[in-house]
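In: Provide a 3D model corresponding to the input given below.
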Amino acid sequence: MTLTFGHYTLLMATRHGVTLHQLAEQTNFDPKLIFYLLEELVNHDLLRTSQQANEEQDYYELTDISFSYIQEYERQNPDLIISGSIDSNR
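Out: I've put the predicted structure just below:
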């Protein structure tokens, strides 16, 4: 899978685990775009969903493989890096 800036933005917003509501607030993306990108990322095993105790909403988390995709994206697109690079937060 080749990451777009949209995929990268969602992955970076998810690096500490988020709910759908938090993801929408952090990215300011249209909800339809978020659902489309989330579906692709989950289907390619770059994100996983889980439920926190006592929560009804899904919680999105990075998978181990997503770190290498983020690092590769940042190497190929240094001008588009979102502050708080994954290397400094791992």
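
In: For this structure, which segments are assigned as strands?
Out: 18-19, 47-51, 58-62 (DSSP state E).

In: and the residue nearest the centre of the chain, what pLDDT?
Out: With distances taken as C-alpha atoms, centre = their mean, residue 11 lies nearest the centre of the chain, 1.8 Å away. At residue 11, the model reports a pLDDT of 95.

In: how long is stretch 41-51 end to end?
Out: One end of stretch 41-51 sits 17 Å from the other (C-alpha to C-alpha, to the nearest Å).

In: Give me the buried stretch members for that stretch, please.
Out: 41, 46-48 (16 or more other C-beta atoms under 10 Å). Backbone N, C-alpha and C define where each C-beta goes, glycine included.

In: swap in stretch 2-15?
Out: 3, 6-15.

In: now swap in stretch 61-73 and tell me
Out: Residues of stretch 61-73 classed as buried: 62, 66-67, 69-70, 73 (neighbour count, 16+ other C-beta under 10 Å).

In: so can I have a markdown table of those showing pLDDT and distance to residue 80?
Out: Compiled in a markdown table, the buried residues of stretch 61-73 are given as follows (pLDDT from 0 to 100; distance: C-beta to C-beta, whole Å):
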| residue | pLDDT | distance to residue 80 |
| --- | --- | --- |
| 62 | 95 | 18 |
| 66 | 95 | 17 |
| 67 | 94 | 17 |
| 69 | 96 | 14 |
| 70 | 94 | 12 |
| 73 | 94 | 8 |
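
In: before we move on, back to that, could you dump the strands of the chain into a markdown table and include distance to residue 36?
Out: As requested, the strands of the chain are exported to a markdown table (distance: least, C-beta to C-beta, whole Å):
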| stretch | distance to residue 36 |
| --- | --- |
| strand 18-19 | 17 |
| strand 47-51 | 13 |
| strand 58-62 | 14 |
